[in-house]
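**Q** Everything below, folded, please.
(chains A and B)
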Amino acid sequence: MNSTPLIELREVSKIYPLPSGDVIALDRVSLSIQEGEFMAIMGPSGSGKSTLLNQLGCLDRPTSGDLIIDGKNTRDMDDRELTSLRLNTIGYIFQKFNLIPLLTAYENVEYPFLMKHRKPDDTGHVSGLLSMMGIDQALAIHKPPELSGGQQQRVAVARALVNDPRILLCDEPTGNLDSVTGGQIMEMIADLNRKGRTVLMVTHDPTVAQFAQRTIIIRDGRIA
Amino acid sequence: MKNKDIILQLSVRSIRLHLLRSVLAALGIVIGVVAIASMGMMGANMTLSVTEDLSEMANILVVKASSGERSGGMPGPGGGGAPGDGEELITEKQFSDIERIAAKYGTVYAVHSESDTIEIGDSRRRATIYGLDPDILPAILTLQDGAYPKSTTSVIVGPSLAERMDLKLGSKIDIGDPDEGSVTTVRVVGIIEERGMSMDLNTDSAIIGSDKLFTMMYGGEGEYDQVNVILDDINDADLVTTVITDELNKKEEQVSVQDSSRMVENITETIGTLTSFVMAIAGISLLVAAVSIFNVMMMSVTERVREIGILRSIGTQKTEVRKMFIYESGILGVIGAVIGAAASIAIGWVVVLAMVGSTEYFFAPGSLVYIPFAMMVGIIVCVVSGVYPAWNASNLDPIEALRAE
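**A** Numbering: from 1, shown residues only, chains lettered A, B, ... in the order given. Below is the predicted model of the structure:
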C-alpha cells in the first residue's frame, strides 16, 4: 500500500444554511484512503454518509476543509475540472441505478466512454464490460425500464467501470435488489477491488459492509 | 450507435418521446415562417412588378416651372379649368434652353395640359386635355387604332376613356362647359394603346390634340405646363438634370426637374417599407411560437431534472447539457422551418396571386430569398428560446437534480 493516500479529507465540514438554523451535515471530518482500499461507510439515516460520499464524488464542495484526490486539492478546481475528475477518475454506482432512460443498456455504458474519448468504442470494450456483468447483446439493446433491477445495476456497474476509474463510489449498491442479486453485485464489486480499484461504499447493511476491508461509522456528521 | 453525437441523440429521442407536444410547438414556427415568407414574397413580387411597369418610363425627365405664371391667352372654352390662374408655367425661352441642352440626349417636347368638361352625346364628365406638337406624337404615343391628329378638329383618345364613353373612330366630343363659355367640337381619329400610370403623361383617360387646338381653346401660346425629356440612355439622367438646373436656375430657381428613375426608387422604397412593416406584424406569430418553444423547453428541463443530475454526476460538462437543450429547440426550429418553407411556396403563391394579381415574378431570386430568410429567422427564434432553459438545466445542482423523482 502506498504511503501517500489516494483520497484525503482534512477537517472537511459541510453546512447547509436553513432559515431554521444551520444544519451541519459533516463536522470537520478527516480521513485518508489509500489506493486499492475497500472502505464501507455506515451510520444511521441523516448521519452524513451520503453527504460524505457526495464530497468524495466531487458532486458537492465542502463548506470548509480540504478534499485532496490524487494529490490535487479539489478546492482549487473549477466546475469543468471537477466534472472531468468525475468522468475520468471516479465511477459512481447508485442505489437507484440512475441509468439514462432514453438510452439503451449499451448506450448507457458507452456514454461516459464517448464523453471521454469523443469517439465510439470500436475495440469491443463496452460489449466486453457488459458481458462481464452478464448482460448479453440481446439485453444490451433494451432500455432501462425494460430490464430488471439486478440487470440495471449490472449495467450501472459496467457504466461506472467503462472509463477505467481509479475510485469506485457505491451508494447503497444493493439497496434496491433482492439478497441473491445483491450478493452477486457485491461479489463483482469485491472482485473489482481485488483487481486494484479503490472502493468506497455507503451502506446500511452490515452483511454488505463485511465485503469491505475497513468500515467507518458516521454519526452526527463525525467519524465515530 | 451509428450517429456518434450522443448528445444530439438524446435531444432527438426526447423530442420523439413527446412527439405531440413537439409537433405543436413546431407548428407555431411553421405558421411564423409561412407568415414572414409569404409577406416578404408578396412585397418582393409587388416591387418587381411595379419596377417592371415603371422602368419603361424610367428614362423620362419632367421639367416644370418653379415660378412665373401663364400670362396671356384667352379664357378657355366654357371656363374649362381657367388656365393661367396661378399655375406655374414653362416659358418659350425656357423650353428653348431645355431643348438646346437636352436634345442631344434624347427627345424633348413641351406639353400643354388642362382639365375640362367633355360631353359625348348625353354623357358629360371631366377629362384631361393634352396639347402636343403633332410631329412628336408618333414618337411618344402608340396607336391601337386610327391615325394621329393633323388638324385642329381632330384628337386621339386614351383607351380607358374610349371604353368608358364608348368612343370610336369618328366619334365627336364637345370640349368645354356650355354653361360657362364656348364649346369646341372635335372628332376622334385615333385610340392610343394603354400606357398605364406614368409621370410624364397619363393618357389612358385623356384626350390628346395638337398644341394649336389647345391654345385655340385655352390660350397660353408659348407657355407650357411641362417639358418632357425622353432620354436615349437612362444613365444620362443625372447629367441632364444637373445641366438643366444649373443653367436655368442660375439666378433664381425657375424650373425643377423630376427624374422618373427617382420616382421608381421612391415607390420601391415605399413598397419595401410597407413590406417590412407587414413582415414585422407577421413576425408577431413567431414571437408567439417563441413563447411556445420556451414553454416546451422549460417543461422538458423540468421533466428531465433527474436525467440532468445523472448526466452531470457521471461527468457531463455543463456545456454538453446546454448543448442538449439547444439542440432540442434547434431541431424543433429546423423541423418547423423546413415544413414552413414548403408551405410558404404554396401559401405564398396564393397570397401573391391574390394581392399582386400575377405570379410572374414568384420564382425570381428576389422573391424566393424570403423563404431561407424566414427559415433562418424561425430557427434563430427557436434556438434563442432554448437558451434560458438550457442555461437553467446546466446550472442545476447535481445532488438536488439526482434527488428529483
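**Q** Quick one: the helices in chain B, in order.
**A** With DSSP state H as the criterion, chain B has helices at B:6-17, B:19-55, B:92-102, B:137-140, B:159-164, B:211-218, B:237-248, B:260-303, B:305-313, B:318-355, B:365-368, B:370-394, B:398-403.
**Q** any bit of the first one sitting next to chain A?
**A** Yes: Helix B:6-17 is in contact with chain A by Cβ under 8 Å from any Cβ of the partner chain, via B:Ile6, B:Gln9, B:Leu10, B:Arg13, B:Ser14, B:Leu17. In short, each C-beta sits where N, CA and C put it, glycine included.
**Q** So for the fifth one, what's the pLDDT?
**A** Going back to what we said before, that points to B:Ser14. Predicted confidence (pLDDT) at B:Ser14: the value is 92.
**Q** which residues does the residue nearest to B:Ala289 when sequence neighbours are not counted contact?
**A** For B:Ala289, ignoring the flanking residues on the chain, the nearest one in space by Cβ to Cβ, 6 or more residues apart in numbering or on different chains is B:Gly28 at 3.0 Å. B:Gly28 sits next to B:Ser285, B:Leu286, B:Val288, B:Ala289, B:Ala290, B:Ser292, B:Ile293, B:Gly336 when contact means Cβ atoms under 8 Å, 6 or more residues apart in numbering or on different chains.
**Q** Name only those of those that count as buried.
**A** Buried by 16 or more other Cβ atoms under 10 Å in any protein chain shown: B:Ser285, B:Leu286, B:Ala289, B:Ala290, B:Ser292, B:Ile293, B:Gly336, out of the contacts of B:Gly28.
**Q** Show me what from the stretch 301-405 of chain B comes close to chain A.
**A** Within the stretch 301-405 of chain B, the residues that sit near chain A (Cβ under 8 Å from any Cβ) are B:306-307, B:309-318, B:320, B:398-399, B:402.
**Q** Write out the residues of chain B neighbouring chain A.
**A** Remark: the part of chain B in contact with chain A comprises B:1, B:4, B:6, B:9-10, B:13-14, B:17, B:306-307, B:309-318, B:320, B:398-399, B:402, using Cβ under 8 Å from any Cβ.
**Q** picking up where we left off before, could you save the buried ones among the contacts of B:Gly28 as JSON lines and add columns showing distance to A:Ala105 and pLDDT?
**A** Listed next are the buried ones among the contacts of B:Gly28 as JSON lines, based on distance: Cβ to Cβ, whole Å; pLDDT from 0 to 100:
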{"residue": "B:Ser285", "distance to A:Ala105": "44", "pLDDT": "88"}
{"residue": "B:Leu286", "distance to A:Ala105": "41", "pLDDT": "88"}
{"residue": "B:Ala289", "distance to A:Ala105": "37", "pLDDT": "90"}
{"residue": "B:Ala290", "distance to A:Ala105": "38", "pLDDT": "92"}
{"residue": "B:Ser292", "distance to A:Ala105": "35", "pLDDT": "91"}
{"residue": "B:Ile293", "distance to A:Ala105": "32", "pLDDT": "92"}
{"residue": "B:Gly336", "distance to A:Ala105": "34", "pLDDT": "95"}
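**Q** Farthest-apart pair in those, please.
**A** The widest separation within the buried ones among the contacts of B:Gly28, taken as Cβ to Cβ, falls between B:Ser285 and B:Ile293 and amounts to 12.7 Å.
**Q** In chain B, what residue comes closest to chain A?
**A** Taking Cβ to the nearest Cβ, chain A has its nearest neighbour within chain B at B:Gly315, 2.5 Å off.
**Q** Phi first, then psi, for that residue.
**A** Backbone torsions for B:Gly315, taken as degrees, to the nearest 10, come to phi 100, psi 20.
**Q** leaving aside the residues next to it on the chain, what's closest to it?
**A** Of all residues apart from its sequence neighbours, A:Leu87 sits closest to B:Gly315 (Cβ to Cβ, 6+ apart), at 2.5 Å.
**Q** Which residue ranges of chain A form helices?
**A** So, for chain A - with DSSP H - the helices run A:49-56, A:79-88, A:105-117, A:125-132, A:137-140, A:149-161, A:179-194, A:206-209.
**Q** Which one of these lies nearest to B:Thr245?
**A** Across the helices of chain A (criterion: Cβ to Cβ), the nearest stretch is helix A:79-88, sitting at 69.0 Å.
**Q** packing partners for the closest one?
**A** helix A:105-117, helix B:318-355 (3 or more Cβ pairs under 8 Å, 6 or more residues apart in numbering or on different chains; DSSP states H and E).
**Q** one more time with 7 Å
**A** In this structure, helix A:79-88 packs against helix A:105-117, with contacts taken as 3 or more Cβ pairs under 7 Å, 6 or more residues apart in numbering or on different chains; DSSP states H and E.
**Q** quick one: contacts of the helix it packs on?
**A** The set of residues external to helix A:105-117 that reach it, using Cβ atoms under 7 Å, 6 or more residues apart in numbering or on different chains, is A:87-88, A:99-100, A:103, A:120-121, A:126, A:129-130, A:135, A:139-142, A:147, A:155, A:158-159, A:162-163, B:1, B:4, B:6, B:314-316.
**Q** Kindly report the same for stretch A:193-206.
**A** For stretch A:193-206, contacts defined as Cβ under 7 Å, 6+ apart pick out A:6, A:33, A:35-42, A:49-50, A:53, A:56, A:166-174, A:189, A:192, A:209, A:212.
**Q** repeat for stretch B:39-46
**A** Looking at stretch B:39-46 with Cβ under 7 Å, 6+ apart, the contacting residues turn out to be B:271-272, B:274-275, B:278-279, B:282, B:348, B:351-352, B:355-356, B:361-362, B:366-367, B:370, B:373-374.
**Q** now these: which count as buried?
**A** When these are checked for burial by 16+ other Cβ under 10 Å, the buried set is B:271, B:275, B:278-279, B:282, B:348, B:351-352, B:356, B:361-362, B:367, B:370, B:374.
**Q** Pick out the most distant pair among the residues you listed.
**A** Those two in the buried ones among the contacts of stretch B:39-46 that are separated most widely, counting by Cβ to Cβ, are B:Ala282 and B:Tyr361, at 19.7 Å.
**Q** Just the buried positions in stretch B:219-230, please.
**A** In stretch B:219-230, the ones that count as buried by 16+ other Cβ under 10 Å are B:Gly219, B:Gly220, B:Gly222, B:Glu223, B:Tyr224, B:Asp225, B:Gln226, B:Val227, B:Asn228, B:Val229, B:Ile230.
**Q** where does chain A have low pLDDT?
**A** By pLDDT under 70, the weakly predicted segments of chain A are A:1-2.
**Q** Give me the most central residue, chain A.
**A** The centre of chain A sits closest to A:Leu169, judged by Cα atoms, centre = their mean, with a distance of 1.9 Å.
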